[in-house]
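**Q** Prediction below, plus the sequence it came from.
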Amino acid sequence: MLNTLLARIQQKHRTIAFPDGPPPPLPDRFAGRPVIHPERCPSGCRCCADACPVGAIRQTDRLRLDLGQCIFCMECVAACPHHHITFSRDYRLAARKRTDLYLENPDEFRFAAALDHHARRLFGRSLKLRQVCAGGCNACEADVNVLGTVGWDLGRFGIQFVASPRHADGLLVTGPVPENMRQALLKTYEATPSPKLVIAVGACAISGGIYNGHEEVHNGVCDLLPVDLLIPGCPPHPLTILDGLLRLIGRIDKNKT
Amino acid sequence: MSESTASGRFSLSNGQSASISQTPVMGMASFQETVLHEVEDGARISAMFGQPVDGGNIRLWAILSQDRQSLLLPLCTETDADYPALTPHCTQAHGFEREIWEQWRIRPQGHPWLKPVRFHAPYRSESAGTSDAAAPEIGVMPFFKVEGEEVHEVAVGPVHAGIIEPGHFRFQCYGENVLHLEISLGYQHRGIERHLTSGPDPRTLHYMETLAGDTTIGHTTAYCQILEALSGTGISVRAQVLRGIALELERIANHTGDIGALAGDVGFLPTLSYCGRIRGDVLNMTAVICGNRFGRGLVRPGGAGHDLDTALRHELQQRLNAVEKDLSVAVNLLWKTSSVMARFEGAGAIRREDAEMLGLVGPVARACGLERDVRNDMPHGIFQFTQIPVSTCSSGDVMARAHVRWLEIQRSITFIREQLDSMPDETVTTPLSPLKPDHIAVSLVEGWRGEICHIALTDRQGRFAAYKIVDPSFHNWFALAYALRNQQISDFPLCNKSFNLSYCGHDL
């Protein structure tokens, strides 16, 4: 017993101050939201689009980067001879609509808006989620899991992961949704009582990610279920996931850093 | 068709390539005889797989690891339909023969457990012409059943209670006691191996980084060693050091998480909460090197994607000291708590001879007393120049699996500390030459779960004619079922966590 108490004192209090205080420091080499400058691109240049392994960059009449497909490998940065693509340190990536993830301008990003008044009354102070891994590689899962540790302490916002869809207010889905998981995912959704939310975490869940186009997968959850929040990344940093969840329940102001 | 003799058989070392013509196609009988003889003599089946060849035949490959000699023995034979199964005589072949049957419809006759592995459509139709090309329905197969008045069945999954990957577990119970557990996977199947054929292409490297996201460094290193072997590229020692540091950080992070989760599964919350946080601190150390907590972008063909300057090395040393201090307190608390020990000791024990028979790898094998570690047996990269002692335990139970992890964490910390202090002043990338045509390369890495095995065969253009990935979980899943026999079903979460196997690494 004494050992346990001494260990407790040694380990100290470690919960981050965010969102009331500053966010925890990110590593120097962290890659956040990409910034593109289509207005500067010479016409006909396709260097970045050709270099992207997942086809997240379209270069038709104007350059467009799909944040929901991007795996943050930065092949495009290396490929652009004009340095018109950079990755910022901005960890805020979550959006409410799939189309909000299409980046076309350097300064414009529609941050995830909070739920409407009615939904916030239901979920704003108590949001119970059932996590469904559908082909996820265990990286998104690990960084969702980490939010439950003492460092992040997701429970202080009333957000909790529960063991049954019957106890849940929504699903948090990771992975590209293999055909072999489609039925289990849909059944879990049906088993969740309405009204309910669906949150897609990671490039795979949003678009299939690197597995986009494989006949074994469904390119994520967006074509199968109505999605309320999309959190890009491969995997998204825990801070990115937390930021998205808190924006959804209205715990972070619209454009707050 | 040439036959080779038992003496003078061609072998490879880890991370080496050779012309495929050096491995003659053997007759089926001679192939099987050789596999059985070598396994009896202490070799392990690191991989078995099928490759379609001209004329509609399937070439069966077996890669045997001769740990004592640090050699890999590639063997092959050809068949167009059925063949007598190896499994009845050699348990290690069990999963591989099921996999070959599922992919290529080559039936191992007499296989005692011929059921789907990943539930996908076969890659070619049955040679007899019957049309069974559709994928079987996931999870639908004849499960092993125990009958009796008081026997009951418990089905768990694919969706589990925690934040965990999907898989199905079917228990046959008599009261609390588990008579038998059958594990049916495939829910995570994304078709990775099929998409690797005719590569490498721009996606290949990223498949490697995400085929098991908690083992990004392990699998990507195995893949890069394949490319370097096939192109005859030697990478700098500095790059080898960086890969070694990243591999050991991956081991520390995951072992730390596992020890914490084991504490959680017996209701000992202090170690659970400390280890959960410390695991994050270790992941953040990997992010110091490459910006990503799982090591994406760190290991690259020809070397490493990032380098460390003096300031970053100093920072990593500081962080390592802090992790070591906090972790010692958190983990030593476990060993001093008798209620924890009472649950760990004797739970889910596997005997050494069974571990050998099943061909187990990694900490699970070492917890049964087997001195089996790629870093020691088949050293490649930085492990050729420095040795990490092999951590073993003899009791084969949850306690042993926890203890081996703790020993490995401490030894990995020592290793990283030494390596950070002695990085040679060199570049970290070496350009790759084109891949040699008609070659075979085998690459082994001791990932945190155990032996990762990648094999590539190139065609006449130097592209992948076949690429085989064996995650350590593929060897070890069966051991979990084995460990549960005559255990209480309420100990399943604890036993499962003590293995912590990969679903996506298995399902690919």
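**A** Yes, it's here.

**Q** Could you point out the longest helix of chain A?
**A** Under DSSP state H, the helix in chain A containing the largest number of residues is helix A:179-191.

**Q** Go through it and flag the buried ones.
**A** Neighbour-count burial for helix A:179-191 flags A:179, A:180, A:181, A:182, A:184, A:185, A:188, A:189 (criterion: 16 or more other C-beta atoms under 10 Å in any protein chain shown). For glycine as for every other residue, the C-beta is placed from the backbone atoms N, C-alpha and C.

**Q** How about the residues of the stretch 201-350 of chain B by chain A?
**A** B:202-203, B:205-207, B:210-214, B:216, B:257, B:270, B:273-274, B:276-277, B:279-280, B:284, B:287-294, B:296-297, B:306, B:326, B:329-330, B:333, B:336-337 (C-beta under 8 Å from any C-beta of the partner chain).

**Q** The closest residue to residue B:70 other than its chain neighbours and residue B:43: what is the separation?
**A** Counting by C-beta to C-beta, 6 or more residues apart in numbering or on different chains, residue B:70 lies nearest to residue B:378, which is 5.3 Å off, once chain neighbours are set aside. According to C-beta to C-beta, to the nearest Å, residue B:378 and residue B:43 sit 12 Å apart.

**Q** can you list residues touching both of the two?
**A** Residues touching both residue B:378 and residue B:43 (C-beta atoms under 8 Å, 6 or more residues apart in numbering or on different chains): B:65, B:67.

**Q** Stretch B:431-446 near chain A at all?
**A** No: no part of stretch B:431-446 sits near chain A under the criterion C-beta under 8 Å from any C-beta; the closest distance found is 14.4 Å.

**Q** average pLDDT for that stretch?
**A** Averaged over stretch B:431-446, pLDDT sits at 96.

**Q** need the contact list for the most centrally placed residue in chain A.
**A** Closest to where the C-alpha atoms of chain A average out (C-alpha atoms, centre = their mean) is residue A:231, at 1.9 Å. Residues near residue A:231 by C-beta under 8 Å, 6+ apart: A:93, A:94, A:199, A:200, A:201, A:202, A:240, A:241, A:244.

**Q** and what of residue B:218?
**A** By C-beta under 8 Å, 6+ apart, the neighbours of residue B:218 are B:212, B:247, B:250, B:445, B:446, B:447, B:448, B:452.

**Q** Identify the spatial nearest neighbour of it, chain neighbours not counted.
**A** Using C-beta to C-beta, 6+ apart, the nearest residue to residue B:218 is residue B:447, at 3.1 Å.

**Q** was I right about the one you found contacting residue B:214?
**A** No: counting by C-beta atoms under 8 Å, residue B:447 stays clear of residue B:214, with 9.4 Å between them.

**Q** ok, these two, which is more surrounded?
**A** Set residue B:447 next to residue B:214 and count neighbours by other C-beta atoms under 10 Å in any protein chain shown: residue B:447 wins out with 29 against 25.

**Q** so how far is residue B:508 from that one?
**A** From residue B:447 to residue B:508 the distance is 15 Å (C-beta to C-beta).

**Q** any idea how far residue B:239 lies from residue B:206?
**A** Taking C-beta to C-beta, one finds residue B:239 at 20 Å from residue B:206.

**Q** tell me which element the residue lying farthest from the centre of chain B falls in.
**A** Each residue of chain B has a distance to the centre, and by C-alpha atoms, centre = their mean the biggest one is for residue B:149: 39.9 Å. Using DSSP states H and E, residue B:149 sits in no helix or strand.

**Q** List the residues that contact it.
**A** Applying C-beta under 8 Å, 6+ apart, no residues contact residue B:149.

**Q** one step back: so which of the buried residues of helix A:179-191 would count as near chain B as well?
**A** Okay, of the buried residues of helix A:179-191 touching chain B (C-beta under 8 Å from any C-beta), that's A:179, A:180, A:181, A:184, A:188.

**Q** Alpha carbons of stretch B:205-225, as CSV, please.
**A** The C-alpha trace of stretch B:205-225 is given here as CSV (Å, rounded to 0.1, in the frame of the first residue of the first chain):
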residue,chain,number,x,y,z
LEU,B,205,6.1,1.8,-49.1
HIS,B,206,2.9,3.1,-47.5
TYR,B,207,1.3,-0.3,-47.5
MET,B,208,4.4,-1.4,-45.5
GLU,B,209,3.9,1.5,-43.0
THR,B,210,0.2,0.7,-42.5
LEU,B,211,-0.1,-3.1,-42.8
ALA,B,212,0.2,-3.2,-39.0
GLY,B,213,0.3,0.4,-37.9
ASP,B,214,1.8,-0.4,-34.5
THR,B,215,4.7,-2.1,-36.2
THR,B,216,5.5,0.6,-38.9
ILE,B,217,9.2,0.5,-38.2
GLY,B,218,9.5,-3.3,-38.1
HIS,B,219,7.6,-3.9,-41.4
THR,B,220,9.1,-0.9,-43.2
THR,B,221,12.6,-2.0,-42.2
ALA,B,222,11.9,-5.5,-43.5
TYR,B,223,10.7,-4.1,-46.8
CYS,B,224,13.7,-1.7,-47.2
GLN,B,225,16.1,-4.6,-46.5
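
**Q** the strands in the stretch 1-150 of chain A, which residues?
**A** Along the stretch 1-150 of chain A, counting by DSSP state E, counting those that start in this stretch, strands occupy A:34-36, A:57-59, A:63-66, A:85-87, A:102-103, A:127-133.

**Q** will you turn those into a markdown table that also has mean pLDDT and distance to chain B?
**A** A markdown table is the format used below for the strands of the stretch 1-150 of chain A (pLDDT from 0 to 100; distance: least, C-beta to the nearest C-beta, whole Å):
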| stretch | mean pLDDT | distance to chain B |
| --- | --- | --- |
| strand A:34-36 | 91 | 13 |
| strand A:57-59 | 87 | 12 |
| strand A:63-66 | 90 | 16 |
| strand A:85-87 | 91 | 9 |
| strand A:102-103 | 90 | 20 |
| strand A:127-133 | 96 | 4 |
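
**Q** out of these, which comes closest to residue B:475?
**A** strand A:127-133 (22.5 Å; C-beta to C-beta).

**Q** In chain B, where is pLDDT below threshold?
**A** By pLDDT under 70, the low-scoring segments of chain B are B:1-8, B:125-133.

**Q** can you tell me which helix in it is longest?
**A** Max-length helix for chain B by DSSP H is helix B:237-265.

**Q** contacting residues for the residue nearest to residue B:255 when sequence neighbours are not counted?
**A** Once flanking residues are discounted, residue B:255 sits nearest to residue B:405: 4.1 Å by C-beta to C-beta, 6+ apart. Applying C-beta under 8 Å, 6+ apart to residue B:405 gives the contacts B:255, B:258, B:259, B:363.

**Q** my guess is the second one contacts residue B:501, does it?
**A** In other words, residue B:258. No: Residue B:258 is beyond contact range of residue B:501, at 11.0 Å (criterion: C-beta under 8 Å).
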